[in-house]
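*Asks:* Predicted model, plus sequence, below.
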Amino acid sequence: MLIALGSLKSSPGVTTAAAALSAMWPASAAGEPVLLEADARGGDVAARFSLGPEPGLASLSVGARRATEAKLLAEHVQELPGGLNVVLAPPTAENARAAMTMLDEDGRELLRALAVQEDFAVVADLGDLSPDGHGWAVAEAAEVLLLVARPVLDELTRVISAAEDLLARCAASGTRLALVTVGAGPFSRAEIEESTGITLAAELPNDAAAAAMLAGRPDPRGALSRLTGRGGIAGLPLAKAATSLAVALAAEHLRVGAESHTEPEDGAADGAEHEPIGASA
């Protein structure tokens, strides 16, 4: 399956949320999840862990010109300390934008192949998801697009303004849209869902300790070994919330997959069928 995370604001914690979701994804016989850095503004993970950006997003985008099978992804993955698999974006905006443009033009079949994999998760960090942004090729191939925002007035106002267009665009591609909030705010879940028209899939806490570990601080060679090993970070609030979200997404994927084998194909885009995770209309 392909899960995408993006925002309508530059820094509400998309990368941290995507990394936490990938790291806490349920174990699967199909293989470890992959974090796909697909932010056209440039990637952060390579610098955080002192890695080169190749192989990564740029080489994957080139490879998508000649191959569309999901197994291509494995050729462009690097392993972070502790075992988290990541496709690293180039650190500069120019190179990352070029890679994302190429993926948009030549990689849509590959993205669709990744999306239909059973019991194998690719979590894509899209960063800033502007209406004409480069991340939409990934978002429209995804099973679920998680829109990340802080539950404060200015950010929710931005979501409300964009909600109609976002829901229509996701409905057209069959992508379920859901909200993920980061941090505390003055609004209840019911108020957020009613005002935006979008299901709130998760409320992630501000967790400085977990965020630092996900960013490779203070020890980039040891932080994720504690994370993926379910060590010290597993009991932290962000890890617990990310685990709950990952379990819910994985269960929903299996449920929808089972229904797709028994129900008419045109029923798959019915937003009401997917209310536990998000809406597509």
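*Replies:* Good, I have the coordinates. Numbers count the residues shown, from 1 in each chain.

*Asks:* From here on, just use CA atoms for contacts and neighbour counts.
*Replies:* Will do.

*Asks:* Which residue ranges of the stretch 51-200 of the chain form strands?
*Replies:* In the stretch 51-200 of the chain, the strands defined using DSSP state E, counting those that start in this stretch lie at 78-79, 85-87, 122-128, 144-149, 176-182, 200-204.

*Asks:* ok, and what's touching the fourth one?
*Replies:* Outside of strand 144-149, the residues that reach it under the criterion Cα atoms under 8 Å, 6 or more residues apart in numbering are 2-9, 12-14, 139, 155-156, 175-182, 278.

*Asks:* let's see 7 Å
*Replies:* 3-7, 12, 14, 139, 155, 175-182 (Cα atoms under 7 Å, 6 or more residues apart in numbering).

*Asks:* Ok, the second one next?
*Replies:* In this structure, residues lying in contact with strand 85-87 by Cα under 7 Å, 6+ apart are 33, 34, 35, 36, 37, 56, 57, 76, 77, 78, 79.

*Asks:* Buried ones among those?
*Replies:* Using 16 or more other Cα atoms under 10 Å as the burial test, the contacts of strand 85-87 include 33, 34, 35, 36, 37, 56, 57, 76, 77, 78 as buried.

*Asks:* These in helices, which ones?
*Replies:* Members of the buried ones among the contacts of strand 85-87 lying in helices (criterion: DSSP state H): residue 57.

*Asks:* wait, which of the buried ones among the contacts of strand 85-87 is closest to residue 49?
*Replies:* For the buried ones among the contacts of strand 85-87, the minimum distance to residue 49 (Cα to Cα) is 11.1 Å, reached by residue 78.

*Asks:* Need the per-residue pLDDT for that closest one.
*Replies:* Looking at residue 78, its pLDDT stands at 94.

*Asks:* For it, name its beta-bridge partners.
*Replies:* residue 86 (DSSP bridges).

*Asks:* Could you pull up the residues touching it?
*Replies:* Neighbouring residues of residue 78 by Cα under 7 Å, 6+ apart: 85, 86, 87.

*Asks:* Just the closest of these to residue 95, please.
*Replies:* Each of these was checked against residue 95 using Cα to Cα; the closest is residue 87, at 14.5 Å.

*Asks:* Let me see the confidence value for that closest one.
*Replies:* 96.

*Asks:* what about it, distance to residue 61?
*Replies:* Taking Cα to Cα, to the nearest Å as the measure, residue 87 falls 11 Å from residue 61.

*Asks:* So which of the buried ones among the contacts of strand 85-87 sits lowest on pLDDT?
*Replies:* residue 33 (91).

*Asks:* Once you drop chain neighbours, what's closest to that residue?
*Replies:* Once flanking residues are discounted, residue 33 sits nearest to residue 121: 4.9 Å by Cα to Cα, 6 or more residues apart in numbering.

*Asks:* residues touching that neighbour, list them.
*Replies:* 1, 2, 33, 34.

*Asks:* can you rerun that using 6 Å?
*Replies:* Residue 121 is in contact with 1, 2, 33, counting by Cα atoms under 6 Å, 6 or more residues apart in numbering.

*Asks:* what do you get for residue 190?
*Replies:* So residue 190 contacts nothing (Cα under 6 Å, 6+ apart).

*Asks:* Now do the SS call for the closest residue to residue 20 other than its chain neighbours.
*Replies:* Excluding its sequence neighbours, the residue lying closest to residue 20 (Cα to Cα, 6+ apart) is residue 242, at 5.9 Å. With DSSP: H, G, I helix; E, B strand; the rest coil as the basis, residue 242 sits in helix.

*Asks:* What separation do you get for residue 242 and residue 236?
*Replies:* From residue 242 across to residue 236, the span is 10 Å (Cα to Cα).

*Asks:* who has more neighbours, these two?
*Replies:* Counting neighbours by other Cα atoms under 10 Å for residue 242 and for residue 236 shows that residue 242 has the greater number, 25 against 14.

*Asks:* Surely that one and residue 22 touch.
*Replies:* No. Look at residue 242 against residue 22 with Cα atoms under 6 Å: they stay out of range, at 8.6 Å.

*Asks:* Do you know the pLDDT at residue 268?
*Replies:* Per-residue confidence (pLDDT) for residue 268: 42.
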